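>>> just coords:
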């Protein structure tokens, strides 16, 4: 075992003495040393219930014959960080968390890890760490929250709070109703209720075989989640004893399974960036063009909040990830049979899955023949950009409008709040990319305000920043190259016409190349916004979104 490096032989007497001081018995010196990397924090509803899950995992590890050690990692709630300077730290925290997990596991020569996670950047960070370390690992995602209700109106975090702000400012609801929605939209612990980034990444983790079946959709408050945590503790010891590592489970085919599932369930645009980063950590060749390739094949067969009314609760009750995969496997479109941490293969898990076909459609009768996500190219984004097709009304697939340019999110929000945005406008928010932001902030506040004010079908938004998984409307993000790197998005001027065509996967500035070249001559060199601290280091080393925003 790896842990023999700190516990075997006379020379390691001091190491054993320190381990005994931490409570390890002499008998358990012989057991596999299992780290439980926990992102518990009282700050985040998706993580506030992890103390109980830590106990269940710990019981499972010891029942399986291992010795557990809990250690903590940072976590940021994108919802709380949204709309202010704190959001600059969200994406950079992904690499910080991966570094933390790697450092603790290597520093103490742990034999295996249970990665207890839940929200947007934490889950991909855990997977990046697992790929880097390549020691036996299993992921436990802490589960979604239940949906809220007020006056017989069903609520989710996005519709009950972010979009409610737009309705209030538009005069559709009064302050009393706004406060009611605020109080009832998030009634339990757990990740937010829809197919936002947290739940998208939980589902893709299960698709990739790194968590136990139904882990992604089991509610945070359910006893099933507690049992999955316990069983994951037992299973990690089996993985260590059989030396089954992440590289035995995740390869190019596994990642392509995740892409197929992501497109079929209409996941978050952030998932593209995270899958690219996970691939990079495992030295697996994966490019943004792979998403485009599968996007021309895969139909969307599931539609959840925020694009529709069903939530993760219905998805779980309808069969969850195994049901989704069963319909995709039956369609014979390219899903591969892969090994998983539970000991069964992808096909074996899905073979006898229950499928509610009213919710999870068959491939021959999909929600839409369009994929959930799309990669767009054009002179605004020569290296590609991303949109959530599942969140766009089909009547808006072809959109031509007039540019309204803003060099930060705050200026765009001010224009929206003061009714300076009109039908037919294309809001351009730039210098918000990984380097330019720095940190590539999410634009949930402006996109939710657009929908709340009734502009979701008449105004588009383009940014080199990114979007929450809860975003819907004509929204295009991850524009590459970003403005800070001299991308064409920096050359757009107020009044320019922009054409978006979802069907042809294109986004173009209707300005001649000659004019763009002339504008480029006058473009001032970008200066980093942060001169010191973590964000300065991040901005100096981060790559663009089309490469996963890796550092």
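Looks like it came in fine. Given the structure is predicted, the values throughout are model-derived calculations rather than measurements. Numbering: from 1, shown residues only.

>>> so for the strand ranked longest in the chain, mean pLDDT?
Scanning the chain for the strand with the most residues, using DSSP state E, yields strand 398-406. The average pLDDT within strand 398-406 is 97.

>>> quick one: buried residues of the next helix or strand after it?
Remark: after strand 398-406, the chain's next helix or strand is helix 409-417, criterion DSSP states H and E. Using 16 or more other C-beta atoms under 10 Å as the burial criterion, the residues of helix 409-417 that qualify are 409, 412-413, 415-417. For the C-beta atoms, the positions are set from N, CA and C on the backbone; glycine is no exception.

>>> TSV for those residues, including distance to residue 216 and pLDDT?
Listed next are the buried residues of helix 409-417 as TSV, based on distance: C-beta to C-beta, whole Å; pLDDT from 0 to 100:
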residue	distance to residue 216	pLDDT
409	30	93
412	33	95
413	33	93
415	38	95
416	34	93
417	36	91
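
>>> for residue 384, what are its contacts?
By C-beta atoms under 8 Å, 6 or more residues apart in numbering, the residues touching residue 384 are 288, 292, 375-377, 478, 480, 546.

>>> among these, which are in strands?
375-376.

>>> helix 409-417 and the longest strand of the chain, what's the angle between them?
Here strand 398-406 points in a direction 120 degrees away from that of helix 409-417 (axes from the mean of the first three to the mean of the last three C-alpha atoms, to 10 degrees).

>>> ok, strand 398-406: who's next to it in the sheet?
Applying DSSP bridges to the sheet, strand 398-406 is found paired with strand 425-429 (parallel), strand 497-501 (antiparallel).

>>> for the closest residue to residue 406 other than its chain neighbours, give its distance to residue 428.
Sequence neighbours aside, residue 412 is the residue nearest to residue 406 in space, at 4.1 Å (criterion: C-beta to C-beta, 6 or more residues apart in numbering). As for residue 412, its distance to residue 428 is 9 Å (criterion: C-beta to C-beta, to the nearest Å).

>>> hey, what's in contact with both of these two?
Both residue 412 and residue 428 are contacted by residue 406, under the criterion C-beta under 8 Å, 6+ apart.

>>> I'd assumed residue 51 was in a strand, is it?
No. Judged by DSSP: H, G, I helix; E, B strand; the rest coil, residue 51 forms no part of a strand; its state is helix.

>>> ok, the residue nearest to it when sequence neighbours are not counted - how many residues close by?
Computed as C-beta to C-beta, 6+ apart, the closest residue to residue 51 that is not its neighbour in sequence is residue 40, at 5.9 Å. Look at residue 40: counted by other C-beta atoms under 10 Å, it has 21 neighbours.

>>> got the contact list for residue 40?
Taking C-beta under 8 Å, 6+ apart, one finds 47-48, 50-51, 54, 72, 75, 116 in contact with residue 40.

>>> 7 Å - rerun?
47, 50-51, 54, 72 (C-beta atoms under 7 Å, 6 or more residues apart in numbering).

>>> out of the residues you listed, who's nearest residue 134?
Closest approach between these and residue 134, by C-beta to C-beta: residue 72, at 22.6 Å.

>>> okay, and the beta partners of the closest one?
residue 38.

>>> wait, it sits on residue 36?
No. Residue 72 lies out of contact with residue 36 (C-beta atoms under 7 Å); the separation is 9.7 Å.

>>> so residue 128 makes contact with residue 97?
No. Using C-beta under 7 Å, residue 128 is not in contact with residue 97, being 8.3 Å away.

>>> would you map the helices across the stretch 151-300 of the chain?
Applying DSSP state H, counting those that start in this stretch to the stretch 151-300 of the chain gives helices spanning 157, 163-169, 175-184, 197-207, 223-241, 246-249, 252-265, 270-281, 288-295.

>>> for residue 339, find the nearest of those helices.
helix 246-249 (5.4 Å).

>>> give me the buried positions along the closest one.
For helix 246-249, by 16+ other C-beta under 10 Å, it's 246, 248-249.

>>> with stretch 218-226 instead?
Within stretch 218-226, judged by 16+ other C-beta under 10 Å, the buried ones are 218-222, 225-226.

>>> hmm, who's touching it?
The contact list for stretch 218-226 (C-beta under 7 Å, 6+ apart) reads 49, 52-53, 56, 142-146, 188-190, 228, 313, 316.

>>> winner for burial among the strands paired with strand 398-406?
Using mean count of other C-beta atoms under 10 Å, the stretch among the strands paired with strand 398-406 with the greatest mean number of neighbours is strand 425-429 (a mean of 25).

>>> figure out how far the very next helix or strand once past that strand is from the centre of its chain.
Counting by DSSP H and E, the element after strand 425-429 in chain order, helix or strand, is helix 444-452. Chain-centre distance of helix 444-452: 19 Å, with C-alpha atoms, centre = their mean, to the nearest Å.

>>> which residues are in contact with the helix or strand following helix 444-452?
Heading C-terminal from helix 444-452, the first helix or strand you meet, by DSSP H and E, is strand 460-463. Strand 460-463 is touched from outside by 380, 399, 401, 426-430, 432, 443, 446-447, 450, 474-477, 479, 500, 507, with contacts defined as C-beta under 7 Å, 6+ apart.

>>> can you select the buried ones among the contacts of residue 40 for me in ChimeraX?
Provided next is the ChimeraX selection string for whichever of these are buried by 16+ other C-beta under 10 Å:
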select :47,50,54,72
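
>>> mind putting the buried residues of helix 246-249 in a markdown table, pLDDT and distance to residue 302 included?
Converted to a markdown table, the buried residues of helix 246-249 look like this (pLDDT from 0 to 100; distance: C-beta to C-beta, whole Å):
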| residue | pLDDT | distance to residue 302 |
| --- | --- | --- |
| 246 | 98 | 27 |
| 248 | 98 | 29 |
| 249 | 98 | 24 |
